[in-house]
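Undergrad: predicted model and sequence follow; I will ask about them next.
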Amino acid sequence: MAKSKNKESKGLDLIENPELIISKTEAFLNDRKNQNIVFIAIGISSVILLAFLGFSQLKKNQNIEAQEEMFQAVYYFESDSIGLALNGDGNNYGFLDIISLYSGTDAANLSNFYTGAIYLRLKDFSNSIRYLMKFSSQDFLLQARAYALIGDAYMEIDDFEKASNYFRKASLHNSNKDFSPYYLNKYAIALELKGDLNEAINAHEIIINEYSTSVLFQESQKQKARLEGLNVE
């Protein structure tokens with residue numbers, strides 16, 4: 001008990017007499033070896049902080065520059081000049097240049113989406129999948145669209161298992177009445193092609209029950225009836 005009392009009184013001394021803490025700190029700093037340790041620690045912290053601030057500013061500047069460079073590529077994409085959008089025109093960068101030169105920026109990330117979509121149109125399905133998988137967005141609609149495009153690419157190479165997985169991800173990602181029924185319909189088609197009729201029926205039921213205002217409502221009713229007939233056989 002005496003020992004614990006001793007410890008408690010020492011603790012109280014430090015709280016009540018801050019001079020004790022100061023004197024201990026001064027004693028620590030007065031030791032040359034300890035001074036070196038402190039100065040090295042401060043130096044390392046300063047270098048890390050400056051490097052972080054410099055990197056953040058560099059990335060910010062790069063992102064602004066990349067977005068400006070990307071403008072012409074987007075224009076070509078929207079004008080259906082997909083070759084120029086992808087590779088540039090000699091004066092302006094294409095999406096592949098932006099991905100290479102501005103890695104880690106928002107513009108490079110979005111360029112992955114455009115590049116994947118272009119390769120899908122060019123029927124280069126492996127590159128389409130590769131670039132779309134690199135894309136990641138906080139924009140729920142755009143991210144769902146990327147999942148659906150990956151599903152489309154897998155459908156083209158007859159990998160219905162992976163296609164159905166990505167269509168399902170698209171349909172569940174921020175579910176909404178405008179796009180989710182279309183993704184669910186694609187999901188049902190992929191499921192049917194891989195032979196999973198029960199799940200395909202379930203996908204159509206979701207459209208019927210949850211998206212009754214969709215233009216796909218009546219089509220899903222027909223497809224569900226057809227699949228149920230096939231399932232009985």
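TA: That came through, no problem.
Undergrad: which residues touch Lys134?
TA: Applying CB atoms under 8 Å, 6 or more residues apart in numbering, we find Lys134 in contact with 109, 112, 116. Any C-beta I mention is one placed from the backbone N, CA and C, and that applies to glycine too.
Undergrad: top of those by neighbour count?
TA: Neighbour counts for the contacts of Lys134, by other CB atoms under 10 Å, peak at Gly116, which reaches 24 neighbours.
Undergrad: how far away is that one from Asn231?
TA: Separation of Gly116 from Asn231 (CB to CB, to the nearest Å) stands at 35 Å.
Undergrad: shaky segments in the protein?
TA: The chain contains residues with pLDDT under 70 at 1-61, 232-233.
Undergrad: I'd say Phe160 and Tyr187 touch.
TA: No: counting by CB atoms under 8 Å, Phe160 stays clear of Tyr187, with 10.6 Å between them.
Undergrad: more neighbours, those two?
TA: Neighbours per residue (other CB under 10 Å) separate Phe160 from Tyr187, with Tyr187 holding more: 30 against 20.
Undergrad: can you tell me, leaving aside adjacent residues, what's nearest to that one?
TA: Nearest non-adjacent residue to Tyr187, counting by CB to CB, 6 or more residues apart in numbering: Phe167, 3.8 Å away.
Undergrad: what does Ile208 give?
TA: Ile208's closest residue in space is Ser220 (CB to CB, 6+ apart), at 5.3 Å.
Undergrad: which residue ranges of this protein form helices?
TA: Secondary structure of the chain (DSSP state H): helices at 2-16, 18-30, 32-78, 82-87, 95-101, 106-121, 125-134, 140-156, 160-172, 180-193, 197-210, 217-232.
Undergrad: right, and Lys224 touches Asn209 too?
TA: No: applying CB under 8 Å as the test, Lys224 and Asn209 come out as separate, 10.7 Å apart.
Undergrad: can you give me the neighbour number for Glu228?
TA: Neighbours of Glu228 (other CB under 10 Å): 13.
Undergrad: how many residues are close by the nearest residue to it once chain neighbours are set aside?
TA: Distance criterion CB to CB, 6+ apart; nearest residue to Glu228, sequence neighbours excluded, is Ile201 at 6.2 Å. The number of residues packed around Ile201, counting by other CB under 10 Å, is 21.
Undergrad: who are the contact partners of Ile201?
TA: Contact partners of Ile201, counting by CB under 8 Å, 6+ apart, are 224, 227-228, 231.
Undergrad: repeat that for Gln143.
TA: 135-137, 173-174.
Undergrad: relative to Tyr183, how far out is it?
TA: Taking CB to CB, one finds Gln143 at 12 Å from Tyr183.
Undergrad: and Asn202, how many neighbours does it have?
TA: So Asn202, with other CB under 10 Å, has 16 neighbours.
Undergrad: picking up where we left off before, and the contacts of Lys134 as JSON lines, adding distance to Glu205?
TA: What follows is the contacts of Lys134, written out as JSON lines (distance: CB to CB, whole Å):
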{"residue": "Asn109", "distance to Glu205": "36"}
{"residue": "Asn112", "distance to Glu205": "35"}
{"residue": "Gly116", "distance to Glu205": "31"}
